[in-house]
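Enquirer: Below are the sequence and a predicted model; questions follow.
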Amino acid sequence: MLSERQLRILEAIIVDFIDTAQPVGSRTISKKYPLGISSATIRNEMADLEELGYLEQPHTSAGRVPSELGYRLYVDSMTNLHTIGLDQKELIQSLLLKKIIEANDIADQSAKLLADFTGLVSVVTIPQFNKCRLANLKMIKVTDTKVLLILVTDNGIVKSIQLALSNTDQYILDKISDTMLNFLLGETIENIDVRSIMRLKEKLSSFGNIVDYLIPILKDALKNLDNNEIHIAGEQNILSILEFSESEKAKQIFNFMKSVENLEKLVRTVDTSKLAIKIGSEIGIKELEECSVISSTYKVDGKNEGKILVIGPKRIDYGAVISIVNYISNTLSDLFSGIYL
């Protein structure tokens, strides 16, 4: 158990290191932070903190830097979170709160906002669309060989699926769309199973070969809606982070982020709790052992989780990033639950 003085010294070291990215010495702490104790006393306490595993000394002549254990204690005892500025709130709302918008557009915009505000890498997944209820359905002829199937959920989320369907007049597509909507209205997407589709086929039997071709395509398209969709932004921010300035470190993280399989692996590490922070080895992914991940979830009508992650060095401004993540998470929960529709 650390003393109150040791906790104040550790906090000062972490705050200074987050700000400067330079190892912190006792004289720096004594000059910059009003702790009311001498530089010699601070130096002795820093030695004890190092021995206890809360600090590390990267070079013999250098000051100290926080260890994973030090960061963990700091995060767990952190009480001062930043407040989101009114201009930031207005910008987030102006870019996200639109009447009807593609779920993918929401995720893209959210990831970009997070990356811009934090200067880090962000990942956003959309809630599983297949758990939402169908409110509208329309097929639109785009070209002679392409048809767009548009699905709208009861909370206003729009999903479009491209179908390869040739030489079909729009009025035929309208009739098929109307029949499908009347049959499937109010169903959750995941409940539209093979049996439902076969019953739908019977109702559409008058359309002959078109339906024979359309039904398998529709079945596969709905099945694919079960997959998580991952949106990433800010990968280029890695280059401006001092810890990752070495080409090999940057390359390792870049390569990890380019792989969809790796991103899915990262998303699976996110806890189901509202907010989670994982530091270094806690992430459980070798390529990210020099990173921290701040993550949260958001809901659709109290369920159907989407996930938000911000990835950066261990030297993250935790208070500022947590505040941004929380605000966007709450905004997305409200948006996907129809509060702003």
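Expert: Yep, it's here. Numbering: from 1, shown residues only.
Enquirer: Give me the pLDDT for the residue of the chain most remote from its centre.
Expert: What lies farthest from the middle of the chain is residue 206; by C-alpha atoms, centre = their mean that is 45.8 Å. pLDDT for residue 206: 82.
Enquirer: Going along the chain, name the strands of the stretch 151-300 of the chain.
Expert: Using DSSP state E, counting those that start in this stretch, the strands of the stretch 151-300 of the chain run over residues 157-163, 230-233, 275-279, 291-300.
Enquirer: CSV for these, including distance to residue 250, mean neighbour count and mean pLDDT?
Expert: C-beta coordinates here come from the backbone N, C-alpha and C atoms, glycine included. Output for the strands of the stretch 151-300 of the chain, formatted as CSV (distance: least, C-beta to C-beta, whole Å; neighbours: other C-beta atoms under 10 Å; pLDDT from 0 to 100):
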stretch, distance to residue 250, mean neighbour count, mean pLDDT
strand 157-163, 36, 17, 78
strand 230-233, 16, 20, 93
strand 275-279, 20, 19, 93
strand 291-300, 12, 23, 89
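Enquirer: nearest to residue 54, of the ones you listed?
Expert: strand 275-279 (12.8 Å; C-beta to C-beta).
Enquirer: That closest one to strand 291-300, inter-axis angle?
Expert: Here strand 275-279 points in a direction 160 degrees away from that of strand 291-300 (axes from the mean of the first three to the mean of the last three C-alpha atoms, to 10 degrees).
Enquirer: Check which strands are paired with strand 275-279 and give the direction for each one.
Expert: strand 291-300 (antiparallel) (DSSP bridges).
Enquirer: strands paired with whichever helix or strand comes after the partner strand, and their directions?
Expert: Sequence order places strand 303-313 as the next helix or strand after strand 291-300, per DSSP states H and E. With DSSP bridges as the test, strand 303-313 is paired with strand 121-125 (antiparallel), strand 291-300 (antiparallel).
Enquirer: Would you mind giving those as a markdown table with distance to residue 64 added?
Expert: Listed next are the strands paired with strand 303-313 as a markdown table, based on distance: least, C-beta to C-beta, whole Å:
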| stretch | distance to residue 64 |
| --- | --- |
| strand 121-125 | 27 |
| strand 291-300 | 19 |
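Enquirer: would a markdown table of the strands of the stretch 151-300 of the chain with distance to residue 245 be doable?
Expert: Below are the strands of the stretch 151-300 of the chain laid out as a markdown table (distance: least, C-beta to C-beta, whole Å):
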| stretch | distance to residue 245 |
| --- | --- |
| strand 157-163 | 41 |
| strand 230-233 | 21 |
| strand 275-279 | 20 |
| strand 291-300 | 14 |
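Enquirer: and the strand or helix carrying residue 326, what does it pack onto?
Expert: Residue 326 belongs to helix 318-336 when assigned by DSSP H and E. If you count contacts as 3 or more C-beta pairs under 8 Å, 6 or more residues apart in numbering; DSSP states H and E, helix 318-336 packs onto helix 86-96, helix 103-118, strand 275-279, strand 291-300, strand 303-313.
Enquirer: Please tell me how far the closest residue to residue 249 other than its chain neighbours sits from residue 26.
Expert: Closest residue to residue 249 apart from its sequence neighbours, by C-beta to C-beta, 6 or more residues apart in numbering: residue 290 at 6.7 Å. Taking C-beta to C-beta, to the nearest Å as the measure, residue 290 falls 26 Å from residue 26.
Enquirer: So for those two, which sits in the more crowded spot?
Expert: Between residue 290 and residue 26, residue 26 has the larger neighbour count (other C-beta atoms under 10 Å), namely 22 against 16.
Enquirer: Was I right to think the more buried one contacts residue 43?
Expert: Yes: between residue 26 and residue 43 there is a contact under C-beta atoms under 8 Å: 3.9 Å.
Enquirer: shouldn't residue 84 be in contact with residue 325?
Expert: No: Residue 84 is beyond contact range of residue 325, at 10.5 Å (criterion: C-beta under 8 Å).
Enquirer: Three-state assignment for the residue nearest to residue 140 when sequence neighbours are not counted, please.
Expert: Leaving aside its sequence neighbours, residue 140 sits nearest to residue 148 (C-beta to C-beta, 6+ apart; 4.8 Å). Three-state assignment for residue 148 (DSSP: H, G, I helix; E, B strand; the rest coil): strand.
Enquirer: OK, contacts around residue 148?
Expert: 139-140, 142, 160-163 (C-beta atoms under 8 Å, 6 or more residues apart in numbering).
Enquirer: With residue 330 instead?
Expert: Neighbouring residues of residue 330 by C-beta under 8 Å, 6+ apart: residue 298.
Enquirer: one step back: out of the strands paired with strand 303-313, which gets nearest to residue 2?
Expert: Closest to residue 2 of those, according to C-beta to C-beta: strand 291-300, at 21.3 Å.
Enquirer: The closest one to helix 103-118, inter-axis angle?
Expert: 140 degrees.
Enquirer: and strand 291-300, how far out from the chain's middle?
Expert: In this view, strand 291-300 has its centroid 6 Å away from the chain centroid, taken as C-alpha atoms, centre = their mean, to the nearest Å.
Enquirer: Please save the CA atoms from that strand in CSV.
Expert: The C-alpha trace of strand 291-300 is given here as CSV (Å, rounded to 0.1, in the frame of the first residue of the first chain):
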residue,chain,number,x,y,z
CYS,A,291,0.1,0.4,-26.4
SER,A,292,-3.0,1.2,-24.3
VAL,A,293,-6.6,0.6,-25.4
ILE,A,294,-9.5,2.6,-24.1
SER,A,295,-12.8,1.0,-25.1
SER,A,296,-16.5,1.4,-24.6
THR,A,297,-19.7,-0.1,-25.9
TYR,A,298,-23.0,1.6,-27.0
LYS,A,299,-26.4,0.1,-27.3
VAL,A,300,-29.5,-0.1,-29.5
